[in-house]
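J.: Have a look at this fold, sequence not included:
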């Protein structure tokens with residue numbers, strides 16, 4: 001009986017022990033890569049193409065996903081190796097490359113032991129890692145297909161994403177690779193070459209640039225002209241210098257004078273100017289001649305108005321904006337209308353046209369005043385500096401002004417002082433308050449005429465909330481660790 005009881009107890013204890021066993025701790029996930037890319041080990045190869053990151057720091061671009069891939073790294077001995085994860089943090093391309101780029105158009109550059117290659121986002125090598133140098137360019141301006149130019153063991157050639165290597169060329173070098181064309185050099189002479197390896201010209205040119213609007217500039221000895229995409233000389237080599245074509249026109253030099261031609265070599269602006277600059281901005285040109293500087297547009301060139309503007313007796317003519325152009329003669333500035341009639345007399349030392357309003361800020365001597373578009377003085381010349389605060393329908397509401405003692409304040413268009421001229425800086429905030437500084441400390445004042453202190457002038461920096469400028473963050477220290485938040489209301 002005792003034996004039975006003992007066995008029963010042992011069984012119960014064993015059963016209890018088994019049924020009350022605590023659950024196993026989950027095995028921690030061990031990542032075999034590191035997300036941090038913020039140090040000097042980040043890939044810095046000259047071929048790295050950071051896509052989609054305009055206006056962002058390089059580190060911020062590296063931490064982003066492109067084509068659902070993000071760069072990560074692993075440390076092995078003394079080396080840093082790079083790979084890629086997908087959006088669920090799975091390592092989909094192992095960390096095995098010494099350098100890598102972000103993915104662009106489905107591919108990325110990679111490097112091992114000083115040699116470069118191209119991989120697809122699935123990790124497959126588009127071009128084996130065996131090239132000394134690689135370049136990527138779009139095949140057409142529509143940016144739908146990417147081509148590659150490579151150098152391997154002194155051998156130059158082209159490749160594509162789909163077909164790999166397309167050709168190898170017996171040339172000394174390839175360069176100026178763009179839109180499926182490159183310049184091939186052999187025995188100190190150049191030829192225009194296509195991505196399939198076909199030379200479109202003989203090796204006879206001393207220089208070939210890159211294509212711009214279907215034309216490429218070339219030079220033999222000291223004479224320049226243009227080829228089309230078939231390698232034909234469509235503009236003869238009769239010019240002494242050139243700029244690329246933009247919006248159908250190009251600046252060229254003949255002798256020591258510049259002019260403008262179209263793609264058919266028709267002269268749009270005669271060769272009589274010392275310098276002609278295509279600003280590559282909406283068809284704008286700056287033209288210098290005999291110490292004068294005048295600005296015209298492509299529309300004015302086509303319409304014939306440009307030569308009339310260039311013949312006007314001024315030292316400087318700016319572009320027309322809102323029917324007005326600033327002009328200078330003997331260091332005095334005024335404005336003319338589109339008919340050349342003087343609307344603001346040339347009596348000012350400086351004149352600034354606020355293109356978003358009909359006003360002109362003028363300076364006479366050491367004082368600044370305000371004019372309307374007809375030249376009438378609408379605010380007297382009292383202050384050494386002014387800036388405008390304009391509300392809807394071009395209504396002038398406040399002027400930010402400075403006196404000769406370099407102290408700032410804010411006044412109304414009738415010169416009623418709203419904020420006294422006693423601050424190191426004063427301006428109108430987005431929400432319509434006075435933003436002031438004194439002795440390097442900042443605060444907000446009201447603009448109702450009382451200059452009431454809304455935010456004490458004791459903060460090292462103030463920042464308005466971007467979504468709601470009535471919310472202001474006030475920082476007490478330069479490290480921005482102590483902050484007060486203000487909710488303003490009028």
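T.: Yep, that arrived. Worth saying up front: this structure is predicted, and the values here are computed from it rather than measured.
J.: Tell me where the model's unsure across the stretch 1-150 of the chain.
T.: 1-31, 36-63 (pLDDT under 70).
J.: Where do the helices of it begin and end?
T.: Using DSSP state H, counting those that start in this stretch, the helices of the stretch 1-150 of the chain run over residues 2-19, 58-62.
J.: and what of the stretch 151-300 of the chain?
T.: 298-303.
J.: quick one: low-confidence parts of the stretch 251-400 of the chain?
T.: Looking at the stretch 251-400 of the chain by pLDDT under 70, you get an empty list.
J.: I'd say residue 299 and residue 283 touch.
T.: Yes: at 6.8 Å, residue 299 and residue 283 qualify as touching, with contact defined as Cβ atoms under 8 Å. Bear in mind the C-beta positions are built from the backbone N, C-alpha and C, glycine included.
J.: For those two, indicate the residue with more neighbours.
T.: Neighbour count, other Cβ atoms under 10 Å: between residue 299 and residue 283, residue 283 has more, with 18 against 11.
J.: Report the contact partners of the closest residue to the more buried one other than its chain neighbours.
T.: Of all residues not flanking residue 283 in the chain, residue 298 sits nearest, at 3.1 Å (Cβ to Cβ, 6 or more residues apart in numbering). For residue 298, the contacting residues are 247, 249, 283-285, by Cβ atoms under 8 Å, 6 or more residues apart in numbering.
J.: Kindly write the PyMOL command that selects the buried subset of those.
T.: Buried residues among the contacts of residue 298 (16 or more other Cβ atoms under 10 Å), as a PyMOL selection:
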select buried, resi 249+283+284+285
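J.: ok, residue 280 touching residue 246?
T.: Yes: contact criterion Cβ under 8 Å: residue 280 and residue 246 qualify, at 5.4 Å.
J.: neighbour-wise, which of the two wins?
T.: For the pair residue 280 and residue 246, the greater number of neighbours falls to residue 246 (16 against 13), based on other Cβ under 10 Å.
J.: Who does the more buried one form a beta bridge with?
T.: Counting by DSSP bridges, residue 246 forms beta bridges with residue 249.
J.: quick one: it and residue 281 touch, right?
T.: No: counting by Cβ under 8 Å, residue 246 stays clear of residue 281, with 9.2 Å between them.
J.: Give me the nearest residue to residue 268, chain neighbours excluded.
T.: Nearest to residue 268 is residue 260, by Cβ to Cβ, 6+ apart, at 4.7 Å.
J.: residues contacting that neighbour?
T.: 249-252, 267-269, 276, 285, 301.
J.: quick check, nearest of those to residue 291?
T.: The nearest member of these to residue 291, counting by Cβ to Cβ, is residue 276 at 15.5 Å.
J.: how near is residue 269 to residue 263?
T.: Distance, residue 269 to residue 263, by Cβ to Cβ, to the nearest Å: 15 Å.
J.: repeat for residue 210
T.: For residue 210, the distance to residue 263 (Cβ to Cβ) stands at 16 Å.
J.: can you check residue 65 too?
T.: Going from residue 65 to residue 263 by Cβ to Cβ gives 43 Å.
J.: what does residue 127 give?
T.: Distance from residue 127 to residue 263, by Cβ to Cβ: 37 Å.
J.: the more surrounded of the two?
T.: Using other Cβ under 10 Å as the criterion, residue 127 and residue 263 rank with residue 127 on top: 22 against 16.
J.: who are the neighbours in contact with the spatially closest residue to the more buried one that is not a sequence neighbour?
T.: The shortest distance from residue 127 to any non-neighbouring residue, by Cβ to Cβ, 6+ apart, is to residue 118 (4.1 Å). Residues in contact with residue 118, defined by Cβ under 8 Å, 6+ apart, are 107-110, 125-127, 134, 136, 148, 161.
J.: Out of those residues, which comes closest to residue 198?
T.: Of all the contacts of residue 118, residue 148 has the smallest distance to residue 198: 17.1 Å, by Cβ to Cβ.
J.: Confirm for me that the closest one is in contact with residue 136.
T.: Yes: if you go by Cβ under 8 Å, residue 148 and residue 136 touch, sitting 5.5 Å apart.
J.: So which of the two has more stuff around it?
T.: Set side by side, residue 148 and residue 136 show more neighbours around residue 148, with 24 against 19, by other Cβ under 10 Å.
J.: Residue 363 pairs with what?
T.: Under the criterion used (DSSP bridges), residue 363 bridges to residue 350, residue 368.
J.: which ones are touching it?
T.: 348-351, 369.
J.: The same query, at a cut-off of 10 Å, please.
T.: By Cβ atoms under 10 Å, 6 or more residues apart in numbering, the contact set of residue 363 is 333, 348-352, 369, 381, 384-386.
J.: Of those residues, which is the nearest to residue 324?
T.: Nearest to residue 324 among these is residue 351, at 10.1 Å by Cβ to Cβ.
J.: Find the nearest non-adjacent residue to that closest one, please.
T.: Per Cβ to Cβ, 6+ apart, closest to residue 351 is residue 333, 4.3 Å.
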